[in-house]
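Chemist: turn this into a model:
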Amino acid sequence: MSADQLRLFITPPHPCSYFGDRQALTLFADPAASFDMRVYQWLIDQGFRRSGKHIYKPNCDGCKDCIPVRVPVRDWRPNRSQRRSWNRSAARIEVRALAPRFDPNHYALYADYIASRHPDGDMADHSPETFLRFLTAEWCATRFVELRLDGRLLGVAVTDYLPRGLSAVYTFFDPEQEAISPGVLGILWQIQQARALGREWLYLGYWIPDCRKMAYKDQYRPFDALIDGKWRRMA
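Modeler: Now for the predicted structure:
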């Protein structure tokens, strides 16, 4: 299948995940299509993201607040706070990129994270089956990147390995260890891994400046933002 043969579908209006007073529209790539990594890469470069086997992007009337961003890994350098986070923990952190299989320890950590961060959201109703359906797709080169601190599971950064970059799909971590900044450590590792593999980008998903839980991506400038169909460098 080529990208120009791919059918797209748009949802009816539904509640926005980021702003409680808004309705959203979501564009989906045909879920019945046979995807491969080449088509997936093309879709990522058009601002789409993956949730399980579904590839989507916001397509709301009159709203462009969800801005896809990607980090140019060869030129990017951490700021002082990020360097401190990494240097403080690097000697104690063990990182392993594992095949995307069910692990009860991963699932227990995920359940704790959701209970702490999203107790009233759609993700609160989960099971081992929905956990894997959310994070994996049979056609996708995905790794569950474990971060262990002194041997204890600290977090898991679910990462897709694309031809031109890595995509940060979802990260969950021990809520009791938030002071160590496990989310930051996961992104810094993904940037280093993309660079080591000769990839160009780490795709971070949607930057939403006016949404607290999505505005953190501003910390990873300079990045490229997809604005009006063109990737633009944001210093």
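
Chemist: for D210, give its distance to C66.
Modeler: In this view, D210 and C66 are 11 Å apart by CB to CB, to the nearest Å. Glycine gets a C-beta too; all of them are placed from N, C-alpha and C.

Chemist: can you tell me the closest non-neighbouring residue to H14?
Modeler: What sits nearest to H14 in space, not counting adjacent residues and going by CB to CB, 6 or more residues apart in numbering, is A24, at 5.8 Å.

Chemist: who's in contact with that neighbour?
Modeler: Counting by CB atoms under 8 Å, 6 or more residues apart in numbering, A24 touches P13, H14, P15, C16, S17, P58, C60, C63.

Chemist: what's the closest non-adjacent residue to the fifth one?
Modeler: Counting by CB to CB, 6+ apart, the nearest residue to S17 once its immediate chain neighbours are dropped is A24, at 7.1 Å.

Chemist: check the secondary structure at the one residue sitting closest to the centre of the chain for me.
Modeler: In the chain, the centroid-proximal residue (CA atoms, centre = their mean) is V169; its distance is 2.8 Å. Taken by DSSP: H, G, I helix; E, B strand; the rest coil, the conformation at V169 corresponds to strand.

Chemist: contacts only, for it.
Modeler: With CB under 8 Å, 6+ apart, V169 has these contacts: R49, R50, L135, T142, V158, T159, D160.

Chemist: can you rerun that using 6 Å?
Modeler: Residues near V169 by CB atoms under 6 Å, 6 or more residues apart in numbering: V158, D160.

Chemist: pLDDT at it, what is it?
Modeler: Reported pLDDT at V169 in the predicted model: 98.

Chemist: just the one 4 residues further on next, same as before
Modeler: With respect to pLDDT, F173 has a value of 97.

Chemist: give me phi/psi at it?
Modeler: Here is the backbone geometry of F173 (degrees, to the nearest 10): phi -150, psi 170.

Chemist: repeat that for Q82.
Modeler: For Q82, the backbone dihedrals are phi -70, psi -40 (criterion: degrees, to the nearest 10).
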